[in-house]
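1. below are the sequence and a predicted model; questions follow.
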Amino acid sequence: MNFSATRFVGDKLMPFLRGGYTEDAGSLLQKSLGVGFGYQAIANQDLFGLGVNWGEPNETTWGPGLPDQYTMEAFWRWQLGEQLAVTPDLQLLIDPALNPDKNSIWVFGLRARLAL
């Protein structure tokens with residue numbers, strides 16, 4: 001089960017809330033909750049955002065005893081056109097579920113969105 005709520009407050013601020021829950025194996029996390037906001041200086045243009053997330057590793061997938069994972073993210077969504085956006089992001093994972101030997105790791109990501 002997943003949910004996501006996003007709504008602009010005025011033309012500039014976009015808070016968001018996201019979460020998920022699963023009981024069976026196959027997922028990285030069995031519980032997850034994330035909050036954050038995006039800021040858009042000019043309407044319908046680039047968006048800067050910050051978010052934090054808590055996640056409980058899926059015991060069926062990874063076994064019991066892993067600590068909860070915490071993630072902090074900063075991203076910049078470049079609106080390259082009316083239908084195309086590219087979003088680089090930087091994340092800090094604390095107690096990463098996929099790398100239990102590390103206390104924290106940095107992850108760089110890049111995603112794109114094409115709306116037809």
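-> Here it is on my side, so go on.
2. tell me, how many residues neighbour G20?
-> 16 (other Cβ atoms under 10 Å). From N, CA and C alone the C-beta is placed, and that goes for glycine too.
3. next one: S32
-> Quick note: S32 (other Cβ under 10 Å) scores 19 neighbours.
4. residues of the helix or strand hosting it that come out buried?
-> Here S32, judged by DSSP states H and E, is contained in strand 29-39. By neighbour count with 16 or more other Cβ atoms under 10 Å, strand 29-39 contains the buried residues 29-30, 32-34, 36, 38.
5. turn those into JSON lines, including distance to G55 and pLDDT.
-> Formatted as JSON lines, the buried residues of strand 29-39 follow (distance: Cβ to Cβ, whole Å; pLDDT from 0 to 100):
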{"residue": "L29", "distance to G55": "4", "pLDDT": "93"}
{"residue": "Q30", "distance to G55": "8", "pLDDT": "94"}
{"residue": "S32", "distance to G55": "4", "pLDDT": "97"}
{"residue": "L33", "distance to G55": "8", "pLDDT": "98"}
{"residue": "G34", "distance to G55": "8", "pLDDT": "98"}
{"residue": "G36", "distance to G55": "14", "pLDDT": "98"}
{"residue": "G38", "distance to G55": "21", "pLDDT": "96"}
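6. identify the farthest-apart pair in those.
-> Q30 and G38 (27.2 Å; Cβ to Cβ).
7. by contact count, what packs against the worst-scoring helix or strand of the chain on mean pLDDT?
-> Counting by mean pLDDT, DSSP states H and E, the weakest-scoring helix or strand in the chain turns out to be helix 59-62, with a mean of 86. Applying 3 or more Cβ pairs under 8 Å, 6 or more residues apart in numbering; DSSP states H and E, one finds that helix 59-62 makes contact with no other helix or strand.
8. list the buried ones in it?
-> Quick answer for helix 59-62 (16+ other Cβ under 10 Å): 61-62.
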